[in-house]
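Trainee: Need coordinates for the below:
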Amino acid sequence: MSARSSNPASAALRKQIARMEGDGRPAREVLPFGLPELDRRLPGGGLALGCLHEVAGGGNGAVDGAAASCFAAGIAARLPGPVLWCVTEADLFAPGLEQAGLGPDRVIHVEAGDDVSVLACMEEGLRHGGLAVVIAEVARLSMTASRRLHLAAKGSGTTGIALRRWRRQQDAHDFGQPTAAMTRWRVSVLPSAPLPVPGVGRARWLVELIRARAGESFDLELEACDGTGHLGLPAALADRPAAQAGGRGRALA
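Mentor: Numbers count the residues shown, from 1 in each chain. Okay, here's the model as predicted:
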């Protein structure tokens, strides 16, 4: 899988497909994660900016959204400018976002009553053009709604993140429905590495890229975002050869 991912012919083909799926403009600007094990698997070498992405939690995280929120906050933390965060419930934990690098002075909170209102606020924020990122917590995201958000993001250059979150874990099957998002991520909590002294180690996640346009799906065990919004590679994986540390992957149709 490592050899195929770095094959120049495969990379050229992915770029050609990306141009065909786009609007004929030059390749989008990307935000690298700063981890070669992750960036080399993403089209363009990072997270595409100025478009829509989806993030959800795995397991119990599909309901509480904690790890997924911190993953999104880490992305927002590394982009300059204000961040609009739209929610249906006032349970966003600001200190947790700050631990992922996103300080409260950068976040504009909007509490809406339901998914329809949240999506309307998200679209308005994306069309504004003066924001770094617009993040919205929603349960249902139809193809029509996601396409509107994606087009709004492309028009303004503002990145949108639909943070999928459900009231019941069994409702998370909706995450399998097709949308217009460029990427679809799932972030699940893993046990942190034991420390040689009493205490709790850095949080660890299983980060899965379930879908990517002109890319491949994969999963990696990573350390959670630090105070600058950057993910980390666990020491045990960092010591492995690249072919072993690359995680599992599979080609997307």
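
Trainee: all strands of the stretch 101-250 of the chain, in order?
Mentor: Counting by DSSP state E, counting those that start in this stretch, the stretch 101-250 of the chain has strands at residues 107-111, 133-138, 159-164, 183-190, 204-212, 217-223, 248-250.

Trainee: can I get those in CSV with distance to residue 233?
Mentor: (Glycine included, C-beta is placed from N, CA and C.) Below are the strands of the stretch 101-250 of the chain laid out as CSV (distance: least, Cβ to Cβ, whole Å):
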stretch, distance to residue 233
strand 107-111, 28
strand 133-138, 24
strand 159-164, 23
strand 183-190, 13
strand 204-212, 11
strand 217-223, 6
strand 248-250, 16
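
Trainee: Nearest to residue 34, out of these?
Mentor: Distances from residue 34 to each of the strands of the stretch 101-250 of the chain were compared by Cβ to Cβ, and the smallest falls on strand 217-223, at 11.3 Å.

Trainee: end-to-end on stretch 52-65?
Mentor: Stretch 52-65 stretches 18 Å from its first residue to its last (Cα to Cα, to the nearest Å).

Trainee: mind checking pLDDT for the most centrally placed residue in the chain?
Mentor: Central residue check for the chain by Cα atoms, centre = their mean: the C-alpha nearest the mean position is that of residue 55, 5.0 Å away. Looking at residue 55, its pLDDT reads 98.

Trainee: How far does the helix or strand that contains it sit from its chain's centre?
Mentor: Applying DSSP states H and E as the criterion places residue 55 in strand 52-57. With Cα atoms, centre = their mean, to the nearest Å as the basis, the distance from the averaged C-alpha position of strand 52-57 to the chain average is 5 Å.

Trainee: what's that strand in contact with?
Mentor: With contacts defined as Cβ atoms under 8 Å, 6 or more residues apart in numbering, strand 52-57 is touched by 47, 62-68, 71-72, 141, 146, 149-150, 153, 159-165, 172, 175, 179-189.

Trainee: State the distance from the residue sitting furthest away from the middle of the chain to residue 234.
Mentor: For the chain, the residue at maximal distance from the C-alpha centroid (Cα atoms, centre = their mean) is residue 197, at 32.9 Å. For residue 197, the distance to residue 234 equals 18 Å [Cβ to Cβ, to the nearest Å].

Trainee: cool, and residue 178?
Mentor: When distance is defined by Cβ to Cβ, residue 178 is 33 Å away from residue 234.

Trainee: what do you get for residue 203?
Mentor: As for residue 203, its distance to residue 234 is 11 Å (criterion: Cβ to Cβ).

Trainee: again with residue 69
Mentor: Here residue 69 is placed at a distance of 21 Å from residue 234 (Cβ to Cβ).

Trainee: The spatially closest residue to residue 112 that is not a sequence neighbour: neighbouring residues, count only.
Mentor: Spatial nearest neighbour of residue 112, chain neighbours left out: residue 118 (4.6 Å); criterion: Cβ to Cβ, 6 or more residues apart in numbering. For residue 118, the number of neighbouring residues by other Cβ atoms under 10 Å comes to 22.

Trainee: Could you do residue 68 as well?
Mentor: Using other Cβ under 10 Å, residue 68 is surrounded by 26 other residues.

Trainee: Skipping its backbone neighbours, what lies nearest it in space?
Mentor: Once its chain neighbours are removed from consideration, residue 68 has its nearest residue in residue 57; the separation is 4.2 Å (Cβ to Cβ, 6+ apart).
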